[in-house]
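Asks: below is the sequence, then the predicted model.
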There are 2 protein chains.
Amino acid sequence: MARWQPNASKRLVLAALELFAERGYENTTVIDIAQRAGLTKSTFFRHFQDKREVLFGDDTMNRLLAEAIAAAPATATPLEAVAHALDAAGREAFTPARREFSARRRAVIAATPELQEREALKGLGLIASMTDALKRRGIPEVTSCVAAELGALAGKIAHERWSDTANGDDFSEVARRVLGEVQAASASC
Amino acid sequence: MARWQPNASKRLVLAALELFAERGYENTTVIDIAQRAGLTKSTFFRHFQDKREVLFGDDTMNRLLAEAIAAAPATATPLEAVAHALDAAGREAFTPARREFSARRRAVIAATPELQEREALKGLGLIASMTDALKRRGIPEVTSCVAAELGALAGKIAHERWSDTANGDDFSEVARRVLGEVQAASASC
């Protein structure tokens, strides 16, 4: 078997999602996932450090958000820079073609404490990436933390609404609307 | 050996913290922890579901925060209700006698990805408890989410500052100061 497999990572993710939904996370082994994808266990571990990681992949999203914040206009407020990050997430990751996959993935995570733990940690990583990117814009530390937290909250609510309903709205539209709600809410706290 | 052991839970926590600091989380077994505490493995599992859980214990903190939010004056704003929750955390959990323990615990967690995952998930649980308690005060959903997130952020920053420095400030004092900073920052986002 050739060492390099086209789309190996994607095939492993889809196989894992199917198996977790069919028989549960606990009852699925890494070997099961590799076999379903037509690959080997060692290929799995070239792509993912452990079974939990298969639904979370690499740090693409962290980079994506940080780069979008860096590229926001110099005049942007902290939350405007965060809105650029959410736009980028919609453009590059939460595309219409990914909506149904995102909904299935969310359901599997919601049913699995191990995956909830990994997701919680990944969420902190996203917040840290956004916080650092905001600080590099010269925004004070605590303001950067708050803007990143509010952006992450908006992203989370938006992802729930976007993946749950097939109303045709792009993720970015939903996210900008939710970010507006979050900003208004923080003014009334 | 009697089934009930006085302070078994506390002894297990202290034993685990010592062992994780001495030889690392990976190189410590549940049996090691039980032995160091002078207890058995089955006593360990009567108190904690797994090795990660030993540093996180029960849901006391969730209840504590929710009850303090419920007990805040009817006229309190969402963030004032959250301030009452942080006061309760200082009064009941992050007492001066616990400062040194908290600092050691934080260092062990920072060095251990498995414990970081569990802490991240527990953090989401605290936010959910506060959000629910705020909603029960009649505060709109998104505002409740935002106030709980800002409260959790203030609690986290305050816990870092309080446990890192022996300047004698009570946790509540530090937390109220940080909550003020967080509120000011959210107004400038």
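Replies: Cool, the structure landed.

Asks: just the buried positions in the helix or strand of chain A with the lowest mean pLDDT, please.
Replies: For chain A, using mean pLDDT, DSSP states H and E, the weakest element among its helices and strands is helix A:99-110, scoring a mean of 93. Within helix A:99-110, the residues scored as buried using 16 or more other C-beta atoms under 10 Å in any protein chain shown are A:99, A:102-106, A:108-109. C-beta here means a position set from N, CA and C on the backbone, and glycine is covered the same way.

Asks: which among these gets closest to residue A:92?
Replies: Top of the list for closeness to residue A:92, among the buried residues of helix A:99-110 and by C-beta to C-beta, is residue A:102 at 13.4 Å.

Asks: wouldn't the closest one be in contact with residue A:95 here?
Replies: No - with contact defined as C-beta atoms under 8 Å, residue A:102 does not reach residue A:95; the gap is 9.6 Å.

Asks: check contacts around residue A:187.
Replies: The neighbours of residue A:187, taking C-beta atoms under 8 Å, 6 or more residues apart in numbering or on different chains as the test, are B:186-187.

Asks: quick one, grab the pLDDT at it.
Replies: Residue A:187 is assigned a predicted lDDT (pLDDT) of 92.

Asks: for residue B:66, see how far away it is.
Replies: When distance is defined by C-beta to C-beta, to the nearest Å, residue A:187 is 25 Å away from residue B:66.

Asks: also residue A:83?
Replies: When distance is defined by C-beta to C-beta, residue A:83 is 32 Å away from residue B:66.

Asks: what's the answer for residue A:34, then?
Replies: Distance, residue A:34 to residue B:66, using C-beta to C-beta: 44 Å.

Asks: could you say which helix or strand holds the residue of chain A at minimum distance from chain B?
Replies: Nearest residue of chain A to chain B: residue A:120, at 3.6 Å (C-beta to the nearest C-beta). Counting by DSSP states H and E, the secondary-structure element that holds residue A:120 is helix A:113-135.

Asks: return the distance of the helix or strand following that helix from the chain's centre.
Replies: Heading C-terminal from helix A:113-135, the first helix or strand you meet, by DSSP H and E, is helix A:141-164. Helix A:141-164 has its average C-alpha position 11 Å from the chain's average C-alpha position, going by C-alpha atoms, centre = their mean, to the nearest Å.

Asks: packing partners of helix A:141-164?
Replies: For helix A:141-164, the packing partners by 3 or more C-beta pairs under 8 Å, 6 or more residues apart in numbering or on different chains; DSSP states H and E come out as helix A:78-92, helix A:99-110, helix A:113-135, helix A:171-187, helix B:141-164, helix B:171-187.

Asks: spatially central residue for chain A, please.
Replies: Chain A has residue A:61 as the residue nearest its centroid, 6.2 Å off, counting by C-alpha atoms, centre = their mean.

Asks: that one and residue A:89 touch, don't they?
Replies: Yes - the pair residue A:61 and residue A:89 passes the contact test of C-beta under 8 Å, sitting 7.0 Å apart.

Asks: what does chain A have sitting close to chain B?
Replies: Contact residues, chain A versus chain B (C-beta under 8 Å from any C-beta of the partner chain): A:77-79, A:113, A:116-118, A:120-121, A:123-124, A:140, A:142-143, A:145-147, A:149-150, A:153, A:157, A:181-183, A:185-189.

Asks: show the model's pLDDT score for residue A:23.
Replies: At residue A:23 the predicted local confidence, pLDDT, stands at 96.

Asks: what about it, how many neighbours?
Replies: For residue A:23, the neighbour count with other C-beta atoms under 10 Å in any protein chain shown is 11.

Asks: now do the host helix or strand of residue A:35: which elements does it pack against?
Replies: Taking DSSP H and E as the definition, one finds residue A:35 inside helix A:30-36. When contacts are defined as 3+ C-beta pairs under 8 Å, 6+ apart, helix A:30-36 sits against helix A:8-23, helix A:41-47.

Asks: give me the contact list for that helix.
Replies: For helix A:30-36, the external contacting residues (C-beta under 8 Å, 6+ apart) are A:12, A:15-16, A:18-19, A:40-41, A:43-45, A:51, A:54.

Asks: and that helix, what's its mean pLDDT?
Replies: In this model, helix A:30-36 carries a mean pLDDT of 97.

Asks: chain center to that helix: distance?
Replies: Taking C-alpha atoms, centre = their mean, one finds the center of helix A:30-36 at 24 Å from the center of the full chain.

Asks: quick one: buried residues of that helix?
Replies: Going by neighbour count (16+ other C-beta under 10 Å), the buried part of helix A:30-36 is A:30, A:32-34, A:36.

Asks: what do you get for stretch A:38-56?
Replies: In terms of neighbour count (16+ other C-beta under 10 Å), stretch A:38-56 has its buried residues at A:39, A:43-44, A:47-48, A:51-56.

Asks: for chain A, which spans come out with low pLDDT?
Replies: Filtered on pLDDT under 70, chain A yields the residue ranges A:1-6, A:167.

Asks: what sits against the closest residue to residue A:99 other than its chain neighbours?
Replies: In space, residue A:99 comes closest to residue A:163 once its chain neighbours are excluded; the distance is 5.9 Å by C-beta to C-beta, 6 or more residues apart in numbering or on different chains. The contact partners of residue A:163, taken as C-beta under 8 Å, 6+ apart, are A:94, A:99, A:102-103, A:106.

Asks: ok, residues contacting stretch A:136-153?
Replies: Contacting residues not belonging to stretch A:136-153 are listed as A:69-70, A:72, A:78-79, A:81-83, A:85-86, A:123, A:126-128, A:130-132, A:134-135, A:179, A:182-183, A:186, B:145-146, B:149-150, B:153, B:157, B:181-182, B:185-186, B:188-189 [C-beta under 8 Å, 6+ apart].
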